[in-house]
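*Asks:* sequence and predicted model, in that order:
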Amino acid sequence: MTAPHRDDPRLHLAVEVDGDGAHPAAWRHSGRPPAEVFGPRLLRERVAAAEEAGFTLVTLADTPVPPGPETAGRLEAGTRAAYVSVLTDRIGLAPTLHATVTEPFHLATQLASLDHASNGRAAWIVGAANDADAHATIGREPLTAEALRREVADVIDTARALWDSWEDDAVIKDLATGRFLDWHKVHHIDFEGAAFTVKGPLITPRPPQGQVVVLAPDHLDADDRADVVLVARPGLTDIGFRSAAARQAGAPLVFAEVEVVLDADRPAAERLAELDAATAWAPGDRLRHVGSAADLAELLAELARTVDGVRLYPAVLAVDLPVLAGQVLPALAEAGLHRPPRPGDTLRSALGLPRPANRFAAAATATS
C-alpha cells in the first residue's frame, strides 16, 4: 500500500531562522560572538539571504522561557517579525506565538498588525507550550491533553473571528462628514470558549490577506483549522500517509519538517559528529538529511510527490543556509520544482490560497 501522490510537483519552501541553527551546538560554529544573536543585524541579514534565495517564507521559533542553557534569551518572535516586515517585500514572515500562554485578543491583534506592516505576508506558527515552566509565566498549571486540544482550537477560532470582525470596507475615511468608519461593519464576535470569552471587535482593520495564514504542527490535531499542517515524521512513507490524513481532515496544504546538515567545507557527517561531540542532537520526529546538496534536492523532489511544501531546519545557519541558497534552491528551480514569490505577492497568493470572504459580510448578503 502506498500513500497518495500529488499532481503538482512544485514545493513551497520555508526555512527556520531562529538563533544560530537547529543543532544545539550551532552557536559554537556560527563564526561570530554569541551576543550578536540579540542584535538586529544578524536577523536582518538572515531574512534578506532567505528572501534573495527565493524561500516562500521564514519562520521564527519562540518559547515562553529560554529553551536551554545554550540560549540565554531572545526577542519575542512577533517583535522580530515586525522588525523585518518593512525590510522585505516578498517573503512570508511566520513567528511562533503560543496559544497556551498568550491572550487570544492580543495574539490576533499582533498578527493582524504584522499583516498590515508587511502588506499581506504574515503567518502564524501555532505554538502550544504546555510544560510547568511555560505555564508558570502566567500563573497556570499545565493542561490535560483534552484541555490542550480545546484551548488550541478555541484560540485559533477566536483569532479567525477577530480578523473578520472588521468588514473589508468598514473604513470609509469620509472627510465631508468626518466619519472614519462605518460602525455597522465592525462586529462583536461574542466568542465563548472553554477557558475564556472574547467580545471583540479587533482594534485594527481586517488584515490585508483577510485571514493571516495559520500553520499548525500536526500533533496539535488542528488539521481542520489550519491553512498549513506541519508534518513531523522521520520517514518518507510516514510523511506521505500523515499528509494524506491531514488533507482528508480538511487541511488545504501540508508541509514536511526536515532537518539538514549539508556538505560544506567538509563532509556533512564530519560536521555533525563535531557538533554532537559538543552537544548531542538526538534524532526526533523530523526527517533528517545529512549529506550533499544534490542528494537533498533529490529528497525534496521525492517529498514533492506527497506534500505541498517543506520547512527546512539548517543545523548551523551560517554554514547550511548559504548552501541551500546557492545550490539546493537553484537546482529545484531549474527542475521546475520551486517558484520564488514575487515582489508584492501576499503570502496567500504565493501559497496558492484564496483570500477568504468575510463571515459577517457573507452573512449579511445571505439574509438581504
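*Replies:* Received the coordinates, thanks. None of the values given here were measured: they were computed from a predicted structure.
*Asks:* use CA for all of it now, contacts and neighbours both
*Replies:* OK.
*Asks:* where along the stretch 251-368 of the chain do the helices fall?
*Replies:* 268-278, 293-303, 317-323, 329-334, 347-351, 359-367 (DSSP state H, counting those that start in this stretch).
*Asks:* scan the protein for its longest helix.
*Replies:* Using DSSP state H, we find that the single longest helix of the chain is helix 145-163.
*Asks:* that helix: which residues count as buried?
*Replies:* Across helix 145-163, burial judged by 16 or more other C-alpha atoms under 10 Å covers 148-156, 158-163.
*Asks:* ok so, going back, redo the helices of the stretch 251-368 of the chain as JSON lines? Include distance to residue 29 and mean pLDDT.
*Replies:* Shown next, in JSON lines, are the helices of the stretch 251-368 of the chain (distance: least, C-alpha to C-alpha, whole Å; pLDDT from 0 to 100):
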{"stretch": "helix 268-278", "distance to residue 29": "8", "mean pLDDT": "97"}
{"stretch": "helix 293-303", "distance to residue 29": "20", "mean pLDDT": "97"}
{"stretch": "helix 317-323", "distance to residue 29": "8", "mean pLDDT": "97"}
{"stretch": "helix 329-334", "distance to residue 29": "23", "mean pLDDT": "97"}
{"stretch": "helix 347-351", "distance to residue 29": "33", "mean pLDDT": "97"}
{"stretch": "helix 359-367", "distance to residue 29": "50", "mean pLDDT": "81"}
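*Asks:* surely residue 10 touches residue 304?
*Replies:* Yes: between residue 10 and residue 304 there is a contact at 6.4 Å, judged by C-alpha atoms under 8 Å.
*Asks:* where does pLDDT dip in the chain?
*Replies:* For the chain, the stretches flagged by pLDDT under 70 are 1-7, 68-73, 368.
*Asks:* what's the neighbour count on residue 144?
*Replies:* Neighbour count for residue 144, taken as other C-alpha atoms under 10 Å: 10.
*Asks:* and it, how close does it get to residue 158?
*Replies:* Distance from residue 144 to residue 158, counting by C-alpha to C-alpha, to the nearest Å: 21 Å.
*Asks:* can you pull the contacts of residue 193?
*Replies:* 151, 154 (C-alpha atoms under 8 Å, 6 or more residues apart in numbering).
*Asks:* again, but for residue 333
*Replies:* Residue 333 touches residue 339, counting by C-alpha under 8 Å, 6+ apart.
*Asks:* rerun at 10 Å
*Replies:* 10-11, 54, 339-340 (C-alpha atoms under 10 Å, 6 or more residues apart in numbering).
*Asks:* mind checking how far stretch 90-100 is from the chain centre?
*Replies:* Stretch 90-100 sits 5 Å away from the centroid of its parent chain (C-alpha atoms, centre = their mean, to the nearest Å).
*Asks:* mind listing the helices for the stretch 1-150 of the chain?
*Replies:* Along the stretch 1-150 of the chain, the stretches classed as helices by DSSP H, counting those that start in this stretch are 40-53, 77-85, 104-117, 132-136, 145-163.
*Asks:* on that earlier part again, so which elements touch the longest helix of the chain?
*Replies:* helix 104-117, strand 123-127, strand 191-192, strand 197-198, strand 213-217, helix 359-367 (3 or more C-alpha pairs under 10 Å, 6 or more residues apart in numbering; DSSP states H and E).
*Asks:* could you give the bridge partners of residue 254?
*Replies:* residue 229 (DSSP bridges).
*Asks:* how far away is it from residue 311?
*Replies:* Residue 254 is 10 Å from residue 311, by C-alpha to C-alpha.
*Asks:* mutual contacts of the two, please.
*Replies:* With C-alpha under 10 Å, 6+ apart as the test, residue 254 and residue 311 both reach 12, 230-231.
*Asks:* relative to residue 344, which of those is nearest.
*Replies:* residue 12 (17.1 Å; C-alpha to C-alpha).
*Asks:* now that closest one. Nearest residue, chain neighbours left out?
*Replies:* residue 309 (4.2 Å; C-alpha to C-alpha, 6 or more residues apart in numbering).
*Asks:* okay, now the one you found: neighbour count?
*Replies:* Residue 309 has 26 nearby residues by other C-alpha under 10 Å.
*Asks:* what bridges to it?
*Replies:* residue 12, residue 255.
*Asks:* same deal with the one 4 residues further on?
*Replies:* As for beta bridges, residue 313 partners with residue 259 under DSSP bridges.
*Asks:* follow-up on the earlier one: contact partners for the residue nearest to residue 12?
*Replies:* Neighbours of residue 309 in contact, by C-alpha under 10 Å, 6+ apart: 9-14, 56, 228-230, 253-257, 300, 303, 338, 351.
*Asks:* got it, and residue 186?
*Replies:* Contact analysis of residue 186 by C-alpha under 10 Å, 6+ apart lists 164-171, 200-203, 205-206, 360.
*Asks:* one more: residue 315?
*Replies:* So residue 315 contacts 20-26, 259-262, 271-272, 275, 281, 290, 321 (C-alpha under 10 Å, 6+ apart).
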